[in-house]
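> show me how the following folds:
(2 chains)
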Amino acid sequence: MNKHDPRGIPHTTPRQSATFTQDINSDIRRAAATGIYDIRGGGAKRKVPSFDDLLFMGASISRYPLEGYREKCDTNVTIGGLHAENPIELDIPVTIAGMSFGALSGPAKEALGRGASAAGTSTTTGDGGMTPEERGHSSKLVYQYLPSRYGMNPNDLRKADAIEIVVGQGAKPGGGGMLLGQKISDRVAEMRNLPKGIDQRSACRHPDWTGPDDLEIKILELREITGWKVPIYVKVAGARPYYDTTLAVKAGADAVVLDGMQGGTAATQDVFIEHVGQPTLAIVRPAVKALQDLGMHRKVSLILSGGIRSGADVAKAMALGADAVAIGTAALIALGDNDPKWEAEYNKLGTTAGAYDDWHEGQDPAGITTQDPDLMARFDPIEGGRRLKNYLKVMTLEAQTIARACGKNHLHNLEPEDLVALTMEAAAMAQVPLCGTDWYPGKPGTSY
Amino acid sequence: MQTLDLSEIGLREVNKTLHAQAENTNQTAWTIENARGSHAIACGLDAPIEVTVKGSTGYYCGGMNQQATINVHGSAGPGTGENIMSGKIVIEGDASQYLGATGHGGLIVVKGNASSRCGISMKGVNIVVQGNIGHMSAFMGQSGNLVVLGDAGDALGDSCYEARFFVRGSVKSLGADCEKKEMRPEHIEFLKEILAEAGLDADPSEFTRYGSARNLYNFDVDNAGAY
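I've put the predicted structure just below:
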């Protein structure tokens, strides 16, 4: 007898809607209560086809492996050899992506510099300019040239080892930045020339150029100002990778930084993060094709970012044709972001370790994405730098392990032919065969 | 007076020569001939020298200038004096879009008119335009002063922060969060000084001041439509 129905009619199981999920319903209730879209940090959280959908085949009778403990597998990479007098020479192909002082604390930026330098790679400034700590602790520092030009000055520009013109970001292709008042401390306000405590908006478009022809002239100006010494990168979101790469090369870039939708941001609208852009897996082949069509593959470097987490991701990106990768979110996690040791405090903020993404509110229990002196004091830049160095070394060792198994004596020798895909989607995006077949969707010459 | 013929020695050589001038150089007066609309002329200078450019210039003349005085004897292309830090740029003719974009300091004087987005995202530069300025001027202007002896186009000072705008003529329309402000004695005083520095003659009392209404400084749902 159904206790809710005295007549004994069978009761259906309460059924949650696949359309109106609890998550969606909570979004609607939040919107109804506040009248403003949800802002958060991080990259796309939705599940998208990714490098996890690819596998390396490894060695066989026709491909023999290299001895893991005896035979060399090099990892170095040169970026910017095309136009710059002083190209960037990196020991490993994993770089640290641009993250601003403002979004991150000064000590967190210092730790990124320490870790990257110890691992033989570069780190990157962000929206807000270059801090002396960061310059001092980074053996190779890439200076981001952003639409807002906060803290932008020629003295810092000339101190940079490379310049990255930021056109777009994977988390928000076509969007500007924002930094809420809680994080506009005296120092941040002074560097950005803004009143303290305001909600700062950053422009989405450069103030003094639009389009590829202007970009070419902008690159000329930056090269003239820096005496043609340092490489110039162009960072674009994974929006139209074939054409963006083509146009960046045409404009004279030494490197193209391509950022997929899993790439993080300090703060933007959730709807932007989740619904604009393309997955990292989907953007690499079109960009490589653009470079190949121009005869520029391996001459103009391709740096891929957006959800790179492990040596396997590094190896897969490089097998598909990237010269290097950049990590942001992963580097923050290595420093201690979202660590379960702060679980009680995450709970107080209404969240849980691993899900904390209100970086813009400046209350980070781990003391990384904050300007609050008490929270910042929890973070030790020397220890953070050591952890990042360890993590970068592990990623490199992992990538080398895979490369050796594929018989490659340099990570750059990994190739698409080393890969297979687990899913039709990944096969189509990466243009490598579906496991157990010699076919991928769109492969020419296989229709009998 | 040192003369550099751009058409003869090329842009790299012109800029390299000017960049090589040290703080205490004796060669303080330079002329660049045959500019012919070339881009990035005399950008990135950082010495107390005076450079006269004969002819019109392309994009980014005097970009990121520090200390130097640059006179353009012609009209100037887009982004002239972008991110200027200090020093002075004087344009005898008209200026194209984005004049003095994101400039942090120094002075830019235009004897003719300036096009759209004049002083966009300005961060401390002073800009004085004898003629008119185009639409969206001083968009997101953070600090510094834009002084216009003529008229301003549509959407002046849209989304501005603490930059100040003084217009003698008419303003076609004000941008979001930009409003008319009271002219106080210190503003009259400021205008006297800046007009003298710019070498222009105008009565400060004829100007109207505009600036941020500061309604967009902290998010308020009732202002959402203005963002």
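> enumerate the residues of the stretch 151-300 of chain A near chain B.
The interface of the stretch 151-300 of chain A toward chain B, taken as C-beta under 8 Å from any C-beta of the partner chain, is made up of A:152-154, A:157, A:181, A:192-195, A:197-199, A:201, A:203, A:207-209, A:214, A:217-218, A:220-221, A:224-228. Placement of C-beta: from N, CA and C, glycine included.
> ok, now how distant is A:Leu291 from B:Asp5?
Separation of A:Leu291 from B:Asp5 (C-beta to C-beta, to the nearest Å): 39 Å.
> same question but for B:Cys118, I mixed them up
For B:Cys118 relative to B:Asp5 (C-beta to C-beta), the value is 31 Å.
> which one of the two has more residues nearby?
B:Cys118 (32 against 14; other C-beta atoms under 10 Å in any protein chain shown).
> which pLDDT value belongs to B:Gly225?
You'll see B:Gly225 listed with a pLDDT of 69.
> typo on my end, A:Glu67
Looking at A:Glu67, its pLDDT stands at 89.
> give me the element the residue lying closest to it once chain neighbours are set aside is part of.
Counting by C-beta to C-beta, 6 or more residues apart in numbering or on different chains, A:Glu67 lies nearest to A:Arg404, which is 7.5 Å off, once chain neighbours are set aside. Element membership for A:Arg404 (DSSP states H and E) is helix A:381-405.
> residues contacting residue 199?
This is for chain A. A:Met178, A:Leu179, A:Leu180, A:Gly181, B:Tyr217, B:Asn218, B:Phe219 (C-beta atoms under 8 Å, 6 or more residues apart in numbering or on different chains).
> was after chain B, sorry
Contacts of B:Gly199 by C-beta under 8 Å, 6+ apart are B:Val109.
> try it again at 10 Å.
B:Val90, B:Val109, B:Lys111, B:Val128, B:Gln130 (C-beta atoms under 10 Å, 6 or more residues apart in numbering or on different chains).
> go on, B:Arg168?
So, once contact is read as C-beta under 10 Å, 6+ apart, B:Arg168 ends up touching B:130, B:147-152, B:191, B:202-208.
> now A:Ser50
A:Ser50 touches A:260, A:262, A:279-282, A:306-307, A:309, A:313, A:316, A:425-426, A:429, counting by C-beta under 10 Å, 6+ apart.
> for B:Gly144, see how far away it is.
46 Å.
> among the contacts of A:Ser50, name the ones in strands.
If you go by DSSP state E, those have nothing in strands.
> save those as CSV, and put in neighbour count too.
Listed next are the contacts of A:Ser50 as CSV, based on neighbours: other C-beta atoms under 10 Å in any protein chain shown:
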residue, neighbour count
A:Gly260, 27
A:Gln262, 27
A:Pro279, 25
A:Thr280, 32
A:Leu281, 29
A:Ala282, 21
A:Gly306, 34
A:Gly307, 26
A:Arg309, 17
A:Asp313, 25
A:Lys316, 32
A:Glu425, 18
A:Ala426, 26
A:Met429, 28
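> number of nearby residues for the residue of chain B found nearest chain A?
Residue of chain B nearest chain A, by C-beta to the nearest C-beta: B:Gly44 (3.2 Å). By the measure other C-beta under 10 Å, the count of residues near B:Gly44 is 26.
> what residue ranges in the chain are flagged as low confidence?
Reading this off chain A. A:1-4, A:445-448 (pLDDT under 70).
> that's the other chain; I wanted chain B
Ranges of chain B meeting pLDDT under 70: B:224-227.
> checking my notes, B:Val90 in a helix, right?
No. Using DSSP: H, G, I helix; E, B strand; the rest coil, the assignment for B:Val90 is strand, not a helix.
> correct me, but it touches B:Gly106?
No. Using C-beta atoms under 10 Å as the test, B:Val90 is too far from B:Gly106 to be in contact (11.3 Å).
> need the overlap of contacts for these two.
Contact criterion C-beta under 10 Å, 6+ apart; residues shared by B:Val90 and B:Gly106: B:Gly62, B:Thr69.
> what about the closest residue to chain B within chain A, how many neighbours?
Ranked by C-beta to the nearest C-beta, the top residue of chain A for proximity to chain B is A:Ile225, at 3.2 Å. Neighbours of A:Ile225 under the rule other C-beta under 10 Å: 23.
> which ones are touching the closest residue to A:Asp127 other than its chain neighbours?
Leaving aside its sequence neighbours, A:Asp127 sits nearest to A:Ser100 (C-beta to C-beta, 6+ apart; 4.4 Å). If you count contacts by C-beta under 10 Å, 6+ apart, A:Ser100 has them with A:109, A:124-129, A:131, A:144, A:146, A:148, A:150-151, A:177, A:179, A:183, A:188, A:191-192, A:202, A:266.
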